[in-house]
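Provided below for reference: sequence and predicted model.
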Amino acid sequence: MAKESFDKEIQFLRMLVLTSGAFSRQQFAERLGISVHTFDKTIRRLKEVVNSMHPHLPQEQNKDFSESLRFSYYDSTDPLLLFLFRAKSVKESESQRISLLLAAMNDQALTAMELLDTCCSSLPSGLPMPDEKTIRSDLKYLEEVGVIKRDPGPRPYRYRIKDDLVRTLSDEELIDLYDFVDVMANTQVPSVQGYLLRDGLKKQLSRNQFEQHAVEPFLYKYHYYSRILDEAHLFTLLHAIRHRRKVRFLYFSPKSEKSYASKNTNPLFERDTNGKTQKTLPLKLVYDHQYGRWYLLSYGREGIRKYRMEGITQIEEDESVDETWYAEKQHELAEKIRYSWLIDTGRPVKVRVRFYNPGGSEPNFVKERVILQGQWGQIVYEDEHCFIYEITVNGTTEIKPWLRSFGSSCEVLEPVSLRRQMIDEWKEIQAYYESV
């Protein structure tokens, strides 16, 4: 799949989930900055991917693509949005060719020329025939991602599937490994690679005809679909951080009216977009558990910048920078976010809060949660009815939702401005529940 197409489909899926199909075709296209024709073409493409990943879906589930994204509790153990990652790396011709290569190497080790003969004799007539250079390029890619390995020995080199681990495991061990990966993929961040590994293990179990494991032992209610979509750029940015490289991308802020813009190579068809081209040096990636969002913290011409990952499109790596200078910028960022609840770089302020103990409840779940989630804050006073918690944070914007989540068990004492904000918000909420 072309890189630009993948960006478009990420934003397409994000909007589909957030709006639950409430937009018309025209509204959807306008929000994405594409034509209605492109909208229809994208829907067809996504339907093809869904059908290829789930070929045995009942007919009623194939009627409406948007309906297939409305999960029941039991369907959410396998997030459907992940299918985009399975199809993102290769075009149709590459998919057919690589499938043939992997099938051929599954039983025996083969040379590049033997694999070329296999491809030329097995590919459908409508697809272009590969040459030796193409096959060697495919083998290099599969070796880099760890799917195949080269057998030791003289030239010509022989390649085979790298599946020694799962082949040597018993069915019991394979099930234990599958269950472990299933739990970790659904509870840890990031998760996309875990889901892909889980799918591979599930296929291996089905090959072994171990049908007793057909029922999933664990069930998860997945809430943050955007989180998985944001992981599309996560590993590109991690690679850039690891190699001290700048990146370029087109960015759409959360307040932007559009969330995507196509690349127009013909200047006659260029049009203004709400996105801004950014060139910046990635320093740190932060995940917000409260809202299920990824953030990029970086250094650019304006100093330290913060970007929501969901607004990043058309990302590409750029030149690398000096190691000493990069270390200085990382130290500068660390100082700026030293007292950040998440990523706020504002002025440090001391927050003082009284938490009330739940009456007759043992253990004290309020205190346990404050100790678990309260980061570097400290309990400075405690009696049988309440305890007082203090923390110094950069601004109060990011800590406020956490405090608010305690409801009547929490009373803000300082600063006065935050106390007034909380009073106003609770009055507003109270007004919603006034007698009709």
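That came in fine, so what should we check first?

avg pLDDT for the strand or helix carrying residue 331?
Using DSSP states H and E, residue 331 maps to helix 323-336. For helix 323-336, the mean per-residue pLDDT is 94.

which secondary element of this protein has the worst mean pLDDT?
None of the helices or strands of the chain scores lower by mean pLDDT, DSSP states H and E than helix 83-87, at a mean of 67.

so where is the stretch 151-300 of the chain shaky, pLDDT-wise?
Along the stretch 151-300 of the chain, segments meeting pLDDT under 70 span 209-216, 221-223, 257, 261-274.

Sketch out the strands for it, chain order is fine.
Assigned by DSSP state E, counting those that start in this stretch, the strands in the stretch 151-300 of the chain fall at 159-161, 245-251, 276-288, 293-300.

Show me the one of those strands that comes nearest residue 108.
Closest to residue 108 of the strands of the stretch 151-300 of the chain is strand 159-161 (CB to CB; 6.9 Å). In short, each C-beta sits where N, CA and C put it, glycine included.

So what's the gap between that closest one and the chain middle?
30 Å (CA atoms, centre = their mean, to the nearest Å).

so what does that strand touch, helix or strand wise?
helix 92-105, helix 132-144, strand 148-150 (3 or more CB pairs under 8 Å, 6 or more residues apart in numbering; DSSP states H and E).

Nearest to residue 395, out of those?
helix 132-144 (43.5 Å).

What angle do helix 92-105 and that closest one make with each other?
70 degrees (axes from the mean of the first three to the mean of the last three CA atoms, to 10 degrees).

in helix 132-144, what counts as buried?
Using 16 or more other CB atoms under 10 Å as the test for burial, helix 132-144 gives 134, 135, 136, 138, 139, 142.

Closest to residue 155 out of those residues?
Distance to residue 155, by CB to CB, is smallest for residue 136 among these, at 12.5 Å.

For the nearest residue in space to that closest one that is not next to it in sequence, the count of nearby residues, please.
Once flanking residues are discounted, residue 136 sits nearest to residue 112: 5.4 Å by CB to CB, 6 or more residues apart in numbering. Counted by other CB atoms under 10 Å, the residues lying close to residue 112 total 17.

Test my guess that residue 112 contacts residue 132.
Yes: applying CB atoms under 8 Å, one finds residue 112 in contact with residue 132, separated by 6.5 Å.

one step back: compare the strands of the stretch 151-300 of the chain and report which one is nearest to residue 376.
Among those, strand 276-288 sits nearest to residue 376 (CB to CB), with 16.1 Å.

List the pairing partners of the closest one within its sheet, with orientation.
strand 245-251 (antiparallel), strand 293-300 (antiparallel) (DSSP bridges).

And the contacts of the last one?
So that's strand 293-300. Strand 293-300 is contacted from outside by 226-227, 230-231, 234, 237, 247, 278-288, 304-310, 312, 329, 332-333, 337, 342-343, using CB atoms under 8 Å, 6 or more residues apart in numbering.
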